[in-house]
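Undergrad: build me a model:
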Amino acid sequence: METFHLALPVTDLAEARKFYGGVLSLSEKRSAFNWVDYDFFGHQLSLHLVTEKVKKPEGTMIDGDQVPANHYGLVVSKKKWEELRDSYVAKNVKFIIGPKLRFVGKREEQGTFFLSDPFGNYIEIKYFSDQTHGLWS
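TA: Here you go, the predicted structure:
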């Protein structure tokens, strides 16, 4: 099985640990004085200490929402999406977009929500209503 590796800039590792380890409940795997790795649902997420916060990215209109063009995320089952959504609601996480259904009634209908970490990195979690739709069909 292949996994992806994604590196993101953060300006405070302690604050990053609160968000990724605490709010998102990800498991910390390795670290040094200037970076920390997390298991992001089976993938490697590396947070690297930098001096400047990420500037707000440009967005694109998608089904009535201004979606940050620069984001990463996860496609999960509807059940897992609901579990994550409920967990984040219970932790009073601020959603940037959603949770909501997008493209209602169309083949690509999906549940989606966007979060932002404290450093301006945007995260989308979604599921497809039509499981046969898949990622690329």
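
Undergrad: got the phi/psi numbers for the spatially closest residue to residue 59 that is not a sequence neighbour?
TA: Among residues not flanking residue 59 along the chain, residue 66 sits closest, at 4.2 Å (CB to CB, 6 or more residues apart in numbering). For glycine as for every other residue, the C-beta is placed from the backbone atoms N, C-alpha and C. Dihedral angles of residue 66 (phi, psi; degrees, to the nearest 10) stand at phi -90, psi 100.

Undergrad: again with residue 29
TA: Main-chain dihedrals, residue 29, degrees, to the nearest 10: phi -110, psi -50.

Undergrad: what sits against it?
TA: Neighbouring residues of residue 29 by CB atoms under 8 Å, 6 or more residues apart in numbering: 37-39, 44.

Undergrad: again, only using 6 Å
TA: With contact taken as CB atoms under 6 Å, 6 or more residues apart in numbering, residue 29 is in contact with 37, 39.

Undergrad: and it, how far from residue 39?
TA: To residue 39, residue 29 is 6 Å away according to CB to CB, to the nearest Å.

Undergrad: again, but for residue 88
TA: Distance, residue 88 to residue 39, using CB to CB: 18 Å.

Undergrad: so between the two, which is more surrounded?
TA: The neighbour comparison of residue 88 against residue 39 (other CB atoms under 10 Å) goes to residue 88, with 19 against 13.
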